[in-house]
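Enquirer: Next comes the sequence, and after it the predicted model I'd like to discuss.
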Amino acid sequence: MIPAFGSRLSLRIGLLGGSFNPAHAAHREISLTALHRLKLDCVWWLVSPQNPLKDTDGMAPLAQRLRGAEAVASHPRIRVTAVESRLGTRYTADTLQQLRRHYPNMRFVWLMGADNLNQIRHWESWQQIARSMPICVLDRPGHNLTAPQSLAGRWLAQYRRKPSEAAALADAKPPAFLLLKSKLNPLSATAIRQGRKTR
């Protein structure tokens, strides 16, 4: 569970969004790395009802994805939530704006894998995300060299922080951008789904 809307708690929270279709160990490893390196109090997994950029075909029901995410997270400081359903938001930029409004004292950091940095330029109002809260991009196999050279990576480079500043990222005034090394886990939701089909 996450705090009720309007909570005045002052916490350092990492936000990891996605379909989690299904959740897997790489999501957990990214979260644990962020908890440790960024000195976060919690990481919230924002399980999206439906990613606007993904086909509904093959998308498991939200309740099933939430149960799977809970089972994979299995950590007291990783909270699984379908808060986007409650907010009625569709795009990440709108979700983050609403979270900042409902939790005015929280210090949020947007977390994502390097694979998403390559495609974030297709997201609605993606630069608004960077202007609303600090961003931490964590290593993902096959994307660590190309991600910084992507359109978004080049734009964010002007706001890049050093890895030695990781513990202060949650307190940084956005835009603030950090590339962080993490354990390279080759798992991906797409590969897991394809593996299930072939079986």
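Expert: Here it is on my side, so go on.
Enquirer: where does the protein dip in pLDDT?
Expert: Scanning the chain for pLDDT under 70 picks out 51-55, 140-145, 183-199.
Enquirer: where do the helices sit along it?
Expert: 25-37, 62-73, 83-87, 92-102, 114-119, 126-132, 151-156, 189-198 (DSSP state H).
Enquirer: how about JSON lines for the ones you listed, with distance to residue 181 added?
Expert: Glycine gets a C-beta too; all of them are placed from N, C-alpha and C. Shown next, in JSON lines, are those (distance: least, Cβ to Cβ, whole Å):
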{"stretch": "helix 25-37", "distance to residue 181": "8"}
{"stretch": "helix 62-73", "distance to residue 181": "22"}
{"stretch": "helix 83-87", "distance to residue 181": "29"}
{"stretch": "helix 92-102", "distance to residue 181": "24"}
{"stretch": "helix 114-119", "distance to residue 181": "10"}
{"stretch": "helix 126-132", "distance to residue 181": "21"}
{"stretch": "helix 151-156", "distance to residue 181": "15"}
{"stretch": "helix 189-198", "distance to residue 181": "22"}
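Enquirer: Output these in CSV; the columns should cover distance to residue 18 and mean neighbour count.
Expert: Below are the helices of the chain laid out as CSV (distance: least, Cβ to Cβ, whole Å; neighbours: other Cβ atoms under 10 Å):
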stretch, distance to residue 18, mean neighbour count
helix 25-37, 8, 20
helix 62-73, 9, 17
helix 83-87, 11, 17
helix 92-102, 10, 18
helix 114-119, 8, 20
helix 126-132, 14, 17
helix 151-156, 17, 18
helix 189-198, 8, 11
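Enquirer: between these, which one is nearest to residue 10?
Expert: Closest approach to residue 10 among the helices of the chain is made by helix 92-102 (13.3 Å; Cβ to Cβ).
Enquirer: Distance from stretch 122-135 to the middle of the chain?
Expert: Put simply, stretch 122-135 sits 12 Å off its chain's centre (Cα atoms, centre = their mean, to the nearest Å).
Enquirer: Could you tell me the end-to-end distance of that stretch?
Expert: Start and end residues of stretch 122-135 are separated by 17 Å (Cα to Cα, to the nearest Å).
Enquirer: Give me the contacts around that stretch.
Expert: Contacts with stretch 122-135, where a contact means Cβ atoms under 8 Å, 6 or more residues apart in numbering, come from 15, 52-53, 91-94, 96-97, 100, 108-112, 120, 152, 155-156, 159, 169-170, 172, 174-178.
Enquirer: Looking at the helices of the chain, which is nearest to residue 2?
Expert: Among those, if distance is taken as Cβ to Cβ, the winner is helix 83-87, at 6.6 Å.
Enquirer: could you say what helices and strands the closest one packs with?
Expert: The contact analysis (3 or more Cβ pairs under 8 Å, 6 or more residues apart in numbering; DSSP states H and E) places helix 83-87 against strand 42-47, helix 92-102.
Enquirer: Relative to residue 152, how far out is the spatially closest residue to residue 32 that is not a sequence neighbour?
Expert: The shortest distance from residue 32 to any residue other than its chain neighbours is 7.2 Å, reached at residue 75 (Cβ to Cβ, 6 or more residues apart in numbering). According to Cβ to Cβ, to the nearest Å, residue 75 stands 29 Å off from residue 152.
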